[in-house]
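Asks: Whatever this is, show me its structure:
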Amino acid sequence: MPNTSNRPTAKRPSRAASVAPVAVPEEREPRGARRKRETRARLLDAALRLMAEKGMEGVAINEITEAADVGFGSFYNHFESKEAIYATLVDNVFEEFADMLDRLAGGLSDPAEVIAVSVRHTLMRARRDPVWGRFLIREGFSAGVLSRGLGQRLLRDIGNGIAAKRFIVADPFIGFLSVGGTVLAAVAAELNFVAPSAPAAQLLDELGFSGEHFAERTAATLLQTLGLKRAEAEKIAMRALPLIETKVDGE
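Replies: Residues are numbered from 1 along each chain as shown. Purely as a prediction, here's the structure:
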């Protein structure tokens with residue numbers, strides 16, 4: 001037999017040895033795209049704060065750019081005009097919120113509960129985000145209130161309740177104004193009197209008024225305005241709020 005004692009032997013890989021995974025670099029957003037996105041966000045945030053305080057007509061483009069700390073010319077890289085950034089704000093602030101309300105109410109069959117859920121969430125949102133609330137008050141009295149955003153949804157929901165004979169409203173337009181106006185007044189009250197950080201919160205106590213369950217009480221009063229009995233309106237207004245169902249990957 002041939003002598004194989006001096007032949008080198010190949011090493012077998014250990015069974016426990018593992019192959020290191022190949023690192024896949026994450027796709028990073030290009031610096032230019034990131035800076036452009038951040039600049040646009042700063043412009044929108046500044047415009048929202050200024051227009052919530054003074055309205056669109058009372059704000060100049062240079063005020064927006066100064067508040068956003070960006071160059072004046074940068075504004076036109078993102079928006080054609082002051083009206084364009086205002087329209088974007090309306091879409092971002094109200095249309096997205098209105099779409100969320102539609103998803104929340106998607107599983108509700110009672111028009112009264114749809115109204116109650118929408119009113120409560122609107123007041124809760126205003127408490128969480130006072131700038132949003134102040135902008136809502138201004139937009140709520142604008143010429144476009146009937147054709148877009150929350151006003152359009154409210155008009156639709158009241159009409160659905162009337163068609164289903166759930167609401168008793170002699171004049172649908174006046175009914176819309178009554179409900180919409182009360183919601184806007186309630187948002188103003190939330191910001192000025194009810195919220196713990198409100199500037200005149202102490203005055204509410206001095207007058208003997210309570211801010212407890214303010215959103216639910218507002219919803220119950222509006223349902224009574226639409227024709228429901230007090231006991232039923234209060235019961236609906238105090239129901240647990242529905243949750244938005246989230247889709248699981250693979251479903």
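Asks: Would you map the helices across the stretch 101-250 of the chain?
Replies: 111-128, 130-140, 149-163, 172-189, 201-206, 214-225, 230-237 (DSSP state H, counting those that start in this stretch).
Asks: now the second one: how far from the chain's centre is it?
Replies: Here helix 130-140 shows a centroid-to-chain-centroid distance of 12 Å under the convention CA atoms, centre = their mean, to the nearest Å.
Asks: per-domain residue ranges of the chain.
Replies: 33-79, 87-237 (automatic domain parsing).
Asks: would you turn those into TSV with mean pLDDT?
Replies: TSV is the format used below for these (pLDDT from 0 to 100):
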stretch	mean pLDDT
domain 33-79	93
domain 87-237	91
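Asks: residues in contact with the residue lying closest to Gly140 once chain neighbours are set aside?
Replies: Closest residue in space to Gly140, ignoring its immediate chain neighbours: Leu184 at 4.5 Å, by CB to CB, 6 or more residues apart in numbering. For the C-beta atoms, the positions are set from N, CA and C on the backbone; glycine is no exception. Residues in contact with Leu184, defined by CB atoms under 8 Å, 6 or more residues apart in numbering, are 136-137, 140-141.
Asks: do that again at 10 Å, thanks
Replies: 122, 126, 133, 136-141, 145, 150-151 (CB atoms under 10 Å, 6 or more residues apart in numbering).
Asks: Now list the buried members of these.
Replies: 122, 126, 133, 136-140, 145, 150-151 (16 or more other CB atoms under 10 Å).
Asks: Which one of these is nearest to Ile115?
Replies: Thr122 (10.7 Å; CB to CB).
Asks: show me where the stretch 1-150 of the chain has strands.
Replies: Assigned by DSSP state E, counting those that start in this stretch, the stretch 1-150 of the chain shows no strands.
Asks: For the longest helix anywhere in the chain, enumerate the helices and strands it packs against.
Replies: Looking across the chain with DSSP state H, the single longest helix is helix 31-54. Packing partners of helix 31-54 (3 or more CB pairs under 10 Å, 6 or more residues apart in numbering; DSSP states H and E): helix 61-68, helix 82-90, helix 130-140.
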